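**Q** 3D, please:
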Amino acid sequence: MVAEIYFAAGCFWGAQRYFDLLRGVVGTTVGYANGRTANPTYEQVKHEGTGHAETVRVRYDPETITLGELLSLYFRIIDPTSLNRQGGDVGEQYRTGVYFTDPADRSVIMSALSELQKGFSERVRVECQPLENFYTAEEYHQKYLEKNPGGYCHVLPDMTEFAKNYIPSGAKKGD
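**A** Below you'll find the model as predicted:
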């Protein structure tokens, strides 16, 4: 069985690389989610106020890595109190959010956000919404940091090392 969840974490390049390294993640795609226009381009999302968030679709094996684990790992790579900003990237398209397709995921996400809020005096700004739409980003954005290892990324190298070495709760020895 494969499940999916969508993470808006600022620039999608580093977030995709991070999730790709996790055991139990079977695939990722970057794109634009929960905006007001159909089939937007990167330039439209960046300059025309389409309302889309740069987002990573994460397909995963819930028997190896749980949604709760993915959420905890996601929280490690974002500043959850920033509104429309992550790292040096600023704008509505860089907001944080978790978008779900399975209504049962909502309670898991809301519980994780509630727990996260306990660690901050400022308000946590991570959206939790059903996925309204998702448009795959242009090919040159897919696996961008694999193709361009020196590319900018707000997800720091120590986080990618952490992801490589993370052992999910359902992983078997030797996985």
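**Q** so what pLDDT did the closest residue in space to Ile77 that isn't next to it in sequence get?
**A** Excluding its sequence neighbours, the residue lying closest to Ile77 (C-beta to C-beta, 6 or more residues apart in numbering) is Val155, at 4.8 Å. (C-beta placed from N, C-alpha, C; glycine too.) Among the per-residue scores, Val155 holds a pLDDT of 90.
**Q** part of a strand, is Val155?
**A** No: using DSSP: H, G, I helix; E, B strand; the rest coil, the secondary structure at Val155 is coil, not a strand.
**Q** mind checking how far it is from Phe19?
**A** Between Val155 and Phe19 the distance is 10 Å, computed by C-beta to C-beta, to the nearest Å.
**Q** again with Arg36
**A** The spacing between Arg36 and Phe19, counted by C-beta to C-beta, is 26 Å.
**Q** more neighbours: these two, which one.
**A** When Arg36 and Phe19 are compared for neighbours, Phe19 comes out ahead with 25 against 11, by other C-beta atoms under 10 Å.
**Q** can you list contacts of the helix ranked longest in the chain?
**A** What stands out as the longest helix in the chain, according to DSSP state H, is helix 105-117. Helix 105-117 has contacts (C-beta atoms under 8 Å, 6 or more residues apart in numbering) with 5, 67-68, 71-72, 75, 80, 98, 100, 123-124, 126, 128, 130.
**Q** from those residues, which ones fall inside strands?
**A** Using DSSP state E, Ile5, Val98, Phe100, Cys128, Pro130 are the members of the contacts of helix 105-117 that sit in strands.
**Q** export these to TSV and tack on neighbour count?
**A** Shown next, in TSV, are these (neighbours: other C-beta atoms under 10 Å):
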residue	neighbour count
Ile5	24
Val98	27
Phe100	19
Cys128	15
Pro130	13
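**Q** any chance of those in JSON lines, with pLDDT and distance to Asn148 too?
**A** Listed next are the ones in strands among the contacts of helix 105-117 as JSON lines, based on pLDDT from 0 to 100; distance: C-beta to C-beta, whole Å:
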{"residue": "Ile5", "pLDDT": "98", "distance to Asn148": "26"}
{"residue": "Val98", "pLDDT": "98", "distance to Asn148": "27"}
{"residue": "Phe100", "pLDDT": "98", "distance to Asn148": "30"}
{"residue": "Cys128", "pLDDT": "98", "distance to Asn148": "32"}
{"residue": "Pro130", "pLDDT": "98", "distance to Asn148": "33"}
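**Q** noted, bye for now.
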